[in-house]
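Engineer: Pasted the sequence and its predicted model underneath.
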Amino acid sequence: MAGISRYEAAALGLTAAFVLFTAGWFFASHTQSEPYTVTVQQAADSASSSAAQPQDTSASQQPESLLEGERIPINTADVHDLDRLPGIGPTKAQAIVDYRTEHGPFQSTDQLLEVSGIGEATLEGLLDYITLD
């Protein structure tokens, strides 16, 4: 039997080197741990995200303060929603609901001055947070 030629030996050597390199690269990429990503989700990203999801009307799910850009409709809001307004506590919120029940819906925001416990300063602080709708 005759030996192999130089050309054949070089071709076999290059083929073996290619196979070893490819196998090493394949196994090295599969043994590395995958990087992981940490995502943080805030409870209330913005008013727009809370509007996209249906809201539960139970008191445990309602926020304790106003959300950014939120306006409370004083003609339909309940005591809990009115209590979230700045300067309005549970007593004044109940007084607003009682006044609305007795006299009907508010025709203007200035009519809040007729509610017991609400003065000019309180009304001035509420104007950016209330609506008649």
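Structural biologist: Structure received.

Engineer: Just the C-alpha atoms of stretch 83-93, please, in CSV.
Structural biologist: Provided in CSV are the C-alpha atoms of stretch 83-93 (Å, rounded to 0.1, in the frame of the first residue of the first chain):
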residue,chain,number,x,y,z
ASP,A,83,-62.4,62.1,50.4
ARG,A,84,-59.4,61.7,48.0
LEU,A,85,-59.7,65.4,47.1
PRO,A,86,-57.2,67.7,48.7
GLY,A,87,-58.6,69.5,51.8
ILE,A,88,-61.7,67.2,51.9
GLY,A,89,-61.9,64.6,54.6
PRO,A,90,-64.6,62.0,55.3
THR,A,91,-66.8,64.5,57.1
LYS,A,92,-66.8,67.1,54.3
ALA,A,93,-67.1,64.4,51.7
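
Engineer: Which residues belonging to that stretch are considered buried?
Structural biologist: Buried residues in stretch 83-93, defined by neighbour count with 16 or more other C-beta atoms under 10 Å: 83-85, 88, 92-93. For glycine as for every other residue, the C-beta is placed from the backbone atoms N, C-alpha and C.

Engineer: which of those residues lies closest to Val19?
Structural biologist: For those, the minimum distance to Val19 (C-beta to C-beta) is 70.9 Å, reached by Arg84.

Engineer: where's the closest one relative to Ser29, distance?
Structural biologist: 55 Å (C-beta to C-beta, to the nearest Å).

Engineer: Would you mind giving the domain segments of this protein?
Structural biologist: With automatic domain parsing as the criterion, the domains of the chain are listed as 1-32, 65-131.

Engineer: Figure out which of those is closest to Val40.
Structural biologist: Per C-beta to C-beta, nearest to Val40 of the domains of the chain: domain 65-131, 18.9 Å.

Engineer: where are the low-confidence patches of this structure?
Structural biologist: 1-2, 30-36, 42-63 (pLDDT under 70).

Engineer: report the longest helix in it, please.
Structural biologist: Identified as the longest helix of the chain according to DSSP state H is helix 6-31.

Engineer: so what secondary structure elements neighbour that one?
Structural biologist: Counting contacts by 3 or more C-beta pairs under 8 Å, 6 or more residues apart in numbering; DSSP states H and E, helix 6-31 packs against no other helix or strand.
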